[in-house]
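Asker: predicted structure and sequence below. I'll ask about it afterward.
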Amino acid sequence: MKVSEAIGMIFASTEEKRNLRRRLARRAAREAGYYIYSDHMVWKEQPFFEKAWTGATGIPGIADPRCFVLQSVIRSLAQVKGDVAECGVRRGRSTYFMLTADEAERTYHLFDAFEGLPEPTEDDRLADGSVRWTEGDLSTEEAVARENLSGFSNVSFHVGWIPQTLTAVAGGSFALVHIDVDLHAPTRDSLEFFWPLVVPGGMVVSDDYGSRKCPGARKAFDEFFADKAGIIELPTGQALVRKAEA
Ligand SMILES: C[S@@+](CC[C@H](N)C(=O)[O-])C[C@H]1O[C@@H](n2cnc3c(N)ncnc32)[C@H](O)[C@@H]1O
């Protein structure tokens, strides 16, 4: 609190004090990055978010604002025909949120080895030369993901390593591809395989683009889209790319 504000607090009316407290709380929240959670933000009260949030209690995974972005994206694609692919499912939290918000009829093709990350490569090195991940990080049990998503009939699991498993959907068409595999190689392989299968107006979402822990994922997106499409970077750490209408 500035000195002028502190002095003002002493002589202020109750109403003025309340307003000042609100202003200070907003400033602190903004500085700490919690602004997105402040009271006047309605995203967390949307029925489709509340429904998924309640249903996914006990499923750890990506943070709520990212889940909301995925829901918002899939809702925006209600008129776009095509399936959804997700590369990197883990326990199924992101999948659960998308499925709950999706009003279109489509199949969700879910790709994961459930053995954690493969070995990082040179492209995954941070600026200081270190690598955040080691082989096997983020492993989980396939049965856990299946159980978490057992309430949805339109899911199809493709268990095993990307890119080998991707050929199961060769020739398919996709309204949305969500890529959350953290490292350069599987991100690049997923983009190379899926981008030609994304329908006009469809989208690709990266969960990892803005994460300091995942420089390889950002590199893969930047390299792949340099001559194809613009990348929209979000403060949640995600990035969106839309395929131009034909
Ligand atoms: C960050 S987690 C996914 C998180 C999930 N989207 C959520 O909502 O919590 C990354 C997942 O990618 C998987 N993965 C990474 N590289 C892979 C590859 N090459 N093939 C298959 N799965 C892979 C890991 O097994 C892990 O489950």
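Answerer: On my side now, so go ahead.
Asker: beyond the lengthiest helix in the chain, next helix or strand please.
Answerer: The residue-count maximum for a helix in the chain (DSSP state H) belongs to helix 14-32. Toward the C-terminus, helix 14-32 is succeeded by helix 47-55 as the next helix or strand (DSSP states H and E).
Asker: got a list of contacts for that following helix?
Answerer: 43-44, 64, 67-68, 71, 75, 96-97, 100-101, 151 (C-beta atoms under 8 Å, 6 or more residues apart in numbering). From N, CA and C alone the C-beta is placed, and that goes for glycine too.
Asker: mean confidence for the longest helix of the chain?
Answerer: The average of the pLDDT scores along helix 14-32 is 79.
Asker: cool, and stretch 66-79?
Answerer: On average, the pLDDT along stretch 66-79 is 98.
Asker: which residues touch that stretch?
Answerer: 43-44, 46, 48-49, 52-53, 56, 61, 84, 93-94, 97-98, 100-104, 175-176, 178, 201-203, 205, 207, 234, 236-238, 240.
Asker: could you do stretch 146-163 as well?
Answerer: Under C-beta under 8 Å, 6+ apart, the answer for stretch 146-163 is 55-56, 59, 87, 89, 91-93, 95-96, 99, 105-114, 118, 142, 145, 165-166, 168-169, 181, 186, 189-190, 192-193.
Asker: buried residues in that stretch?
Answerer: 146, 148-149, 155, 157-158, 162 (16 or more other C-beta atoms under 10 Å).
Asker: establish whether that stretch and the ligand are in contact.
Answerer: Yes. Stretch 146-163 is in contact with the ligand by C-beta under 6 Å from any ligand atom, via 161-162.
Asker: centre of the chain to that stretch, how far?
Answerer: Mean-position distance between stretch 146-163 and its chain equals 17 Å (C-alpha atoms, centre = their mean, to the nearest Å).
Asker: which one is the spatially most central residue of the chain nearest to, not counting chain neighbours?
Answerer: The centre of the chain sits closest to residue 207, judged by C-alpha atoms, centre = their mean, with a distance of 3.8 Å. In space, and not counting its chain neighbours, residue 207 is closest to residue 180: 3.7 Å by C-beta to C-beta, 6 or more residues apart in numbering.
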